[in-house]
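>>> sequence-free structure coming up:
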């Protein structure tokens, strides 16, 4: 699945008045997750991501919760229990969930940086579809196959960044 070229143009320079005024668009929780500083991210991972965040993530992507469990390699029975009880995930699993949220935020910011064009763009749905498409840059494996580790999520994030810069292989 290709990205419309107009969606990922290089970052435009903002006027000094616009830069001083700050962003004009309120950032979503996913963009905030992408922009979070590393120390705060570590603290959030140690605290544990709430089960409600996993539900929000699956909804944003238009995927079933079970599909998200599979992509992140979360144990289905444990995850379903945490969802039913409304409890948080342990750090290892929280890190994977937060990593997926950061990928949604990354794409959201890529689209925002390319400027408004009036066309609606469902970032979560686009990412969900893209994650399932084999990529030559990944040896014809789907990016979604790499989401179960932090290193794999970094590979996917780098691939998205390459797509934005036009260096996508």
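Alright, I've got the coordinates. Just so it is clear, the structure is predicted and the values come from calculations on it, not from any experiment.
>>> how many residues are close by residue 28?
Using other Cβ atoms under 10 Å, residue 28 is surrounded by 18 other residues. Backbone N, C-alpha and C define where each C-beta goes, glycine included.
>>> one more: residue 154?
Neighbour tally, residue 154, other Cβ under 10 Å: 12.
>>> then residue 42?
As a burial measure, residue 42 scores 13 neighbours (other Cβ under 10 Å).
>>> what do you get for the one 10 residues further on?
Neighbourhood size, residue 52 [other Cβ under 10 Å]: 11.
>>> would you mind identifying the next helix or strand past the helix or strand containing it?
Residue 52 is part of helix 51-61, with elements assigned from DSSP states H and E. Sequence order places helix 65-72 as the next helix or strand after helix 51-61, per DSSP H and E.
>>> ok, and what's touching that following helix?
With contact meaning Cβ atoms under 8 Å, 6 or more residues apart in numbering, helix 65-72 is reached by 54-55, 57-58, 61, 74-76, 79, 83, 93, 96-97, 100, 131, 144, 147-148.
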